[in-house]
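Novice: take a look and give me a structure for this.
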Amino acid sequence: MGNPVDYAISHGRLTIATLFFLLVAGFAAYLAIPKEAEPDVAIPIIYVNVTQRGISPEDAERLLLRPLETQLKSVENVKEMRSAGFEGGGFVLLEFEAGFDSDVALADVRAKVDDAKGDLPRDADEPNVSEVNLSLFPVLVVALGGEVPERALLQLARQAERAIEQIPGVLSADLRGARDESVEIIAEPMLLRSYGISLDQLTASFAAGNSLVAAGALESTSGRFAVKVPALIETPQDILSFPVAVSGDAAVTLGDVAEIRPTFKDPTSITRVNGKPAITVEVSKRTGANLIQTVDATRAVVEELRKTWPGTVEVTYSQDKSKDIRIMLHELQNSVITAVLLVIVIMLTV
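Specialist: Predicted coordinates for the structure are as follows:
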């Protein structure tokens, strides 16, 4: 066989059949292959974060970071270890050598952090060990706002969060700008004194009573049954009827000596969209999932829920990574179509 180009031109039908087969195979692969903006690249960085409420940066360095650094310095293949303390906690950042095994490194770091827990203050929160993975960053942010009460907007945001997490390609849906609900108890000093209850006694009885007590098991001819004393507070009525003092058959409840007000915890962060308060849902996709399909499914779920929401609720989308991928795919399609047309024209004119 001489020149491959001459052979392809002289055997036009074979060339066109081969081209058609490649187009069909390429189109099938195009539909099946995941569309990614940021592929799953292993970044050699592991991040350890630990917090303690009210601790200063200096105390965080001495009480939180030093015990962690002492244990983490024995981890293998560490290129550089950096740490910094801030108001309320600190972090240790480990950079590994290129080509490291992320699973082994993550397991080693978690084991060393567990060894350091005994040297941390008792009031310190659980250390958080995480790796940097670009593919886990949010691919879409859904913002909910408008002239809606905060409590109602929070319920709608949680409804959207639960629905979005049911999508197969979604790894997580995290709320931002949402304050946790809490209950404010305002004790009446005059009523406490009239019942002979001190404020310390009220606090101690409330803290001790809000628990689930296991009372063993009861065996009978029908079988073995677990017995428990349900004392967990789940509804506002449980708070009002909570006993704080007992005298004979009479009980003084919390509703008799205090006022109960539903409220929210103090905000730790503020989220605004177009200058207005809002609650956002950050959507992250699973590794290997099709980004475009995941974003489209998320939008479809939110729009379906939107039909049942009040008309004053405003829904906006931001940080949509599928837009850039659509542009790149469109350019790729144009290039492929142009190349195919050129090949067909050359084959027909020869």
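
Novice: so how far is G311 from the residue lying closest to R179 once chain neighbours are set aside?
Specialist: Nearest residue to R179 in three dimensions, chain neighbours excluded: F264, at 4.0 Å (C-beta to C-beta, 6 or more residues apart in numbering). C-beta coordinates here come from the backbone N, C-alpha and C atoms, glycine included. Per C-beta to C-beta, to the nearest Å, F264 is found 25 Å from G311.

Novice: compare the two (neighbour count), which wins?
Specialist: Legend: neighbour count by other C-beta atoms under 10 Å for F264 and G311, higher for F264 (14 against 8).

Novice: beta partners for that one?
Specialist: With DSSP bridges applied, F264 shows beta-bridge pairing to E181.

Novice: and the one helix or strand Y317 maps to, which strands flank it?
Specialist: Assigned by DSSP states H and E, Y317 falls within strand 313-318. Paired neighbours of strand 313-318 in the sheet (DSSP bridges): strand 140-146 (antiparallel).

Novice: average pLDDT across the strand it pairs with?
Specialist: The average pLDDT within strand 140-146 is 90.

Novice: and this protein, split by domain according to the record?
Specialist: By the assignment in automatic domain parsing, the chain contains the domains 4-37+326-349, 45-132, 135-180+267-320, 182-264.

Novice: now the shortest one, how far from the centre of its chain.
Specialist: Counting by C-alpha atoms, centre = their mean, to the nearest Å, domain 4-37+326-349 is centred 42 Å from the centre of its parent chain.

Novice: what about that domain, start to end distance?
Specialist: End-to-end distance for domain 4-37+326-349, by C-alpha to C-alpha, to the nearest Å: 18 Å.

Novice: list the contacts of the strand holding Y317.
Specialist: Here strand 313-318 makes contact (C-beta atoms under 8 Å, 6 or more residues apart in numbering) with 140-146, 148, 153, 156, 273-274, 299, 302-303, 306.

Novice: which of those residues are buried?
Specialist: 140-146, 148, 153, 156, 273, 299, 302, 306 (16 or more other C-beta atoms under 10 Å).

Novice: need those residues in a markdown table (columns: distance to A251).
Specialist: Listed next are these as a markdown table, based on distance: C-beta to C-beta, whole Å:
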| residue | distance to A251 |
| --- | --- |
| L140 | 52 |
| V141 | 50 |
| V142 | 47 |
| A143 | 48 |
| L144 | 43 |
| G145 | 45 |
| G146 | 45 |
| V148 | 40 |
| L153 | 38 |
| L156 | 39 |
| V273 | 49 |
| R299 | 54 |
| V302 | 48 |
| R306 | 48 |
